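K.L.:
The following comprises the amino acid sequence and a computationally predicted model.
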Amino acid sequence: MAYKYRIELTDVTLRDGMHAVRHQFSVDDAKAITSALDGTGVSLIEAAHGDGLGGSSVQYGFSKESEEDYLRAVCSVVKKSRVATLLLPGIGTVEDLKHAEELGIKAVRVATHSTEADTGAQHIEEARKMGLDTVGFLMMSHMTPSEVLAEEGKKMASYGAQCVYIVDSAGAMLMDEVRRKVCTLRNVLSSDVQVGFHAHNNLGVSVANSIAAVEEGAFRIDASLAGLGAGAGNTPLEVFVAACEKYGIDTGVQLYPVMDAAEDIVRPRMHQPIMTDRTSLTLGYAGVYSSFLLHANRAADQFNVDTRDVLVELGRRKVVGGQEDMIVDVAFEIANKK
Ligand SMILES: C[C@H](O)CC(=O)C(=O)O
Ligand SMILES: [Mn+2]
């Protein structure tokens, strides 16, 4: 088949997928998932707490095992893919990144809110000095107009990012918005800086959005086995690979092995099925950070209110990552008004 596009895939099962299992994968789970992915053609395998290096905490939830143990395990298994990690400045530090590099990671994605690229300057510069494949990750991109987002992307590139991602953290974007944002970013970056796209399936369009991103010039696309990820999950890797094959996009990933990994390795390890149900759908509808879902469910249970009301109010207040404490405040206020 003659392909129209060639792209590279980053698997996020062992990082975004951690949100969906409350960061409770064991080291053996991490090894099994890595072994299943390695050699399928996936370029990068991202591993970390769902909120990145340093995320294991009271605020974000403790991981089952230490960061060092996960990274050591994943790096010891890979033969073909490279290991990446995620760093949110303020949660993780440059010291954490140096340690991760010593353990064998080859790439880092430095994630900031979509209007705050400058908070990642130091981390991006240091990552480049360490020789890491360095990616800027603009979270909650749906909140930021295309032109502003593109300027933030340019800042990340000026600090040294080799790829800049548009991140639909809330799964709130539809195809026309993805096209506009990817195209505007692609046009302002020089051709040696790649564009990436990270989706959540809260509105059920992660595969379509990711294909739209490719058509507008995105080269790196994120996906996870069986869609394991925050909210209604990420772009399901095996579904995306099959759709790309039919659409004329060369992912370099073998279809049957990723289908098998999703079915045999990841689904049995899920705590609940990944699906667009009424609460994960509300994330996309209201434009709320996908990793808030489990915290919002807990707060809603505690105060006996509807999770959807909590999420809609958080969306109205334009709450962003790092403001997790607002979830309990909002649930409390809604309960008091009842
Ligand atoms: C820390 C977040 O989970 C990063 C991410 O995957 C997103 O914003 O989406
Ligand atoms: Mn995500």
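P.N.:
That came through fine. Ligands and ions are numbered 1, 2, ... in the order given.
K.L.:
check contacts around the closest residue to ligand 1 within the stretch 1-150 of the chain.
P.N.:
Going by Cβ to the nearest ligand atom, ligand 1 is nearest to residue 139 of the stretch 1-150 of the chain, at 3.9 Å. For the C-beta atoms, the positions are set from N, CA and C on the backbone; glycine is no exception. Contact analysis of residue 139 by Cβ atoms under 8 Å, 6 or more residues apart in numbering lists 111, 112, 113, 114, 167, 169, 289, 320, 321.
K.L.:
Report pLDDT for the residue of the stretch 51-200 of the chain found nearest ligand 1.
P.N.:
Closest contact between the stretch 51-200 of the chain and ligand 1, by Cβ to the nearest ligand atom, is at residue 169 (3.2 Å). For residue 169, the pLDDT comes out at 98.
K.L.:
Contacts for whichever strand or helix holds residue 157 next, please.
P.N.:
Per DSSP states H and E, residue 157 falls inside helix 146-159. The set of residues external to helix 146-159 that reach it, using Cβ under 8 Å, 6+ apart, is 110, 114-118, 120-121, 124-125, 136, 138, 141, 144, 164, 166, 180-181, 184-185, 187-190, 193, 195.
K.L.:
Which among these count as buried?
P.N.:
Among these, those buried by neighbour count (16 or more other Cβ atoms under 10 Å) are 110, 114-115, 117, 120-121, 124, 136, 138, 141, 144, 164, 166, 180-181, 184-185, 188-189, 193, 195.
K.L.:
out of these, which are inside strands?
P.N.:
Among the buried ones among the contacts of helix 146-159, the members found in strands (DSSP state E) are 110, 136, 138, 164, 166, 195.
K.L.:
Is the second one bridged to anything, and to what?
P.N.:
Beta bridges link residue 136 to residue 110, residue 164, judged by DSSP bridges.
K.L.:
The residue lying farthest from the centre of the chain and ligand 1, how far apart?
P.N.:
Outermost residue of the chain with respect to the C-alpha centroid, by Cα atoms, centre = their mean, is residue 338; its distance is 35.7 Å. In this view, residue 338 and ligand 1 are 31 Å apart by Cβ to the nearest ligand atom, to the nearest Å.
K.L.:
isn't that residue right up against residue 305?
P.N.:
Yes - here residue 338 reaches residue 305: they are 7.2 Å apart, a contact under Cβ atoms under 8 Å.
K.L.:
Return the residues in contact with the residue of the stretch 51-200 of the chain closest to ligand 1.
P.N.:
139, 140, 141, 142, 198, 200, 289, 290, 291, 321.
K.L.:
Going by distance to residue 221, which of the residues you listed wins?
P.N.:
Of all those, residue 221 sits closest to residue 198, with 8.0 Å by Cβ to Cβ.
K.L.:
Kindly report the residues of the stretch 201-338 of the chain close to ligand 1.
P.N.:
Residues of the stretch 201-338 of the chain lying close to ligand 1 (Cβ under 6 Å from any ligand atom) are 230, 290, 291, 321.
K.L.:
JSON lines for the residues you listed, including neighbour count, secondary structure and pLDDT?
P.N.:
Output for those, formatted as JSON lines (neighbours: other Cβ atoms under 10 Å; DSSP: H, G, I helix; E, B strand; the rest coil; pLDDT from 0 to 100):
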{"residue": "230", "neighbour count": "28", "secondary structure": "coil", "pLDDT": "98"}
{"residue": "290", "neighbour count": "29", "secondary structure": "helix", "pLDDT": "97"}
{"residue": "291", "neighbour count": "27", "secondary structure": "helix", "pLDDT": "95"}
{"residue": "321", "neighbour count": "20", "secondary structure": "coil", "pLDDT": "90"}
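K.L.:
Buried residues, stretch 62-80. List them.
P.N.:
Of all the residues in stretch 62-80, those buried under the rule 16+ other Cβ under 10 Å are 63, 64, 65, 67, 70, 71, 73, 74, 75, 77, 78.
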